[in-house]
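Enquirer: Predicted model and sequence follow; I will ask about them next.
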Amino acid sequence: MLENALKPSKDFRRTAIKSIWAILLFIFTYIFLIVISVTLTLVCGYLGIKLMEFYTHFYTILLGLGMIGFGFLILFFLIKFMFKHKKTDRSHLVEVTRVEEPKLFSMIDEIISAVQTDFPKKVYLSAEVNASVFYDSNFWSMFLPIRKNLQIGMGLINTTTINELKAILAHEFGHFSQKSMKVGSYVYNANSIIHDILYDNESYNQVTGKIAESNSYLGIFVLASDKIIVLMQEILVKVYGVLNTNYSKLSHEMEYHADAVAGHVVGSKPLINSLLRMQLANQAFDTVLSYYNRKIEANIKTADVYPQQLMAMNFIAKANKLTYTHFFLKSI
């Protein structure tokens, strides 16, 4: 039965193939735009140099430099993301080890054995009512093998039974077993590149603005490069739509598959109970945090928010006439 759960469905495979084709469309489109910009750079550079050699004058030198810069501006616009350093903020995460949490790691070992997948690179705890799998994703991760990390929220651990937590973790390790997770890394990086090209242009616009203001001749070439860049952006917007539409469908299939894995490993009832309770647990957690946010000026704080999360769950459950036993919603 487990082998059937681990085996992707036909819809899963079909949407994965479409997502891969969408990624290839982005890659080919981007390479095509790079080839055009490199060609423009070489042709304009050659013509600019020849113009300055043919007639050496102040204005021809300006025009020649403008032609050379015209191609370089477009090329640099397309590759500027490679020169940016993006630091991942993990200040909200706390890494835990087997020595610190032997029971948690023992549970993870058991699930990994059942799901037949790899152990996470690192295990993190957060304050959230959630659990997730994530990559250390960057541009080069598209070409290198990258291990997945596991993040578990304390707000989730606080509001689930052992079997329910095991079911949720089995769902996450269902994602570990999915080779299509790598597709997500490609989509993430493709989106980052497109976002940089479409929106993250403040410093680039400042530089080109100064060039245009310095001389009207150079300003003509800056304006011309802007027109071509806008055309390239329009092309990438269309590719962005295709890429994300297909990946959205794949994401749904990946969730269904992970649920099937969790159901076969632990059983459907713990998974259903935990998912039904998660919304209430999250609402209670947000209610407690909101209360203490309003008390910041009065310097009122708590040493441990999680017992109050359970109290808030109890209060919300009673207010909505939900059956509640020992701080947990009654099993279905």
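Expert: Noted; the coordinates are in hand.
Enquirer: can we go C-alpha only for contacts and neighbour counts from here?
Expert: OK.
Enquirer: Would you list the phi and psi of His57?
Expert: Backbone torsions of His57, given as degrees, to the nearest 10, read phi -150, psi 160.
Enquirer: Around it, count how many other residues there are.
Expert: 12 (other CA atoms under 10 Å).
Enquirer: who does the helix ranked longest in the chain touch, helix- and strand-wise?
Expert: Assignment by DSSP state H gives helix 216-266 as the longest helix of the chain. Packing contacts for helix 216-266, counted by 3 or more CA pairs under 8 Å, 6 or more residues apart in numbering; DSSP states H and E, involve helix 2-6, helix 10-54, helix 58-79, helix 102-115, helix 162-176, helix 181-198, helix 202-214, helix 268-294.
Enquirer: could you check the angle helix 162-176 makes with that helix?
Expert: Using axes from the mean of the first three to the mean of the last three CA atoms, to 10 degrees, the inter-axis angle of helix 216-266 relative to helix 162-176 is 130 degrees.
Enquirer: what about helix 216-266, average pLDDT?
Expert: Taken as a whole, helix 216-266 has an average pLDDT of 83.
Enquirer: Equivalent analysis for stretch 91-111, please.
Expert: 92.
Enquirer: contacts for it?
Expert: For stretch 91-111, contacts defined as CA atoms under 8 Å, 6 or more residues apart in numbering pick out Phe119, Lys122, Val123, Tyr124, Leu125, Ser126, Ala127, Lys166, Leu169, Ala170, Phe173, Val265.
Enquirer: what do you get for stretch 42-62?
Expert: Outside stretch 42-62, the residues that reach it (CA under 8 Å, 6+ apart) are Leu63, Gly64, Leu65, Gly66, Met67, Ile68, Gly69, Phe70, Gly71, Tyr217, Leu218.
Enquirer: how many neighbours does Arg13 have?
Expert: The number of residues packed near Arg13 is 15, by other CA under 10 Å.
Enquirer: likewise Pro120?
Expert: 17.
Enquirer: now do Asp304
Expert: Counted with other CA under 10 Å, Asp304 comes out at 8.
Enquirer: so is it in a helix, a strand, or just coil?
Expert: Under DSSP: H, G, I helix; E, B strand; the rest coil, the three-state class of Asp304 is coil.
Enquirer: Equivalent analysis for the one 3 residues further on, please.
Expert: Applying three-state DSSP to Pro307 yields a three-state assignment of helix.
Enquirer: could you measure it against Leu33, distance?
Expert: Distance of Pro307 to Leu33, computed by CA to CA, to the nearest Å: 56 Å.
Enquirer: Neighbour count: those two, which is higher?
Expert: Neighbour totals were compared for Pro307 and Leu33, and Leu33 leads with 19 against 12 (other CA under 10 Å).
Enquirer: OK, contacts around the more buried one?
Expert: Met232.
Enquirer: going forward can the numbers begin at 19, since that is how I track them
Expert: Okay, using 19 as the starting number, the last item reads as Leu51.
Enquirer: pLDDT wise, what is it at?
Expert: 90.
Enquirer: so Gly237 makes contact with Lys228?
Expert: No. With contacts counted by CA atoms under 8 Å, Gly237 stays clear of Lys228, the gap being 9.2 Å.
Enquirer: who has more neighbours, these two?
Expert: It is Gly237, of Gly237 and Lys228, that has more neighbours when counted by other CA under 10 Å, with 18 against 11.
Enquirer: separation between the residue sitting furthest away from the middle of the chain and Ile86?
Expert: Within the chain, Tyr73 marks the point farthest from the mean C-alpha position, 53.4 Å out by CA atoms, centre = their mean. Tyr73 sits 16 Å away from Ile86 when distances are taken as CA to CA.
Enquirer: do Leu122 as well
Expert: Taking CA to CA, one finds Leu122 at 61 Å from Ile86.
Enquirer: Would you mind telling me which of these two has more residues around it?
Expert: Comparing Leu122 with Ile86 by other CA under 10 Å, the one with more neighbours is Ile86, at 22 against 15.
Enquirer: give me the number of residues near Asn219?
Expert: 13.
Enquirer: circling back: from Leu122, how far out is the residue farthest from the centre of the chain?
Expert: Counting by CA to CA - Tyr73 and Leu122 are separated by 77 Å.
Enquirer: list the contacts for the closest residue in space to Pro288 that isn't next to it in sequence?
Expert: The spatially closest residue to Pro288, leaving aside those adjacent along the chain, is Glu182, at 4.6 Å (CA to CA, 6 or more residues apart in numbering). Contact analysis of Glu182 by CA under 8 Å, 6+ apart lists Pro288, Leu289, Asn291, Ser292.
Enquirer: now with 7 Å?
Expert: Pro288, Leu289, Ser292 (CA atoms under 7 Å, 6 or more residues apart in numbering).
Enquirer: distance of it from Gln326?
Expert: Counting by CA to CA - Glu182 and Gln326 are separated by 21 Å.
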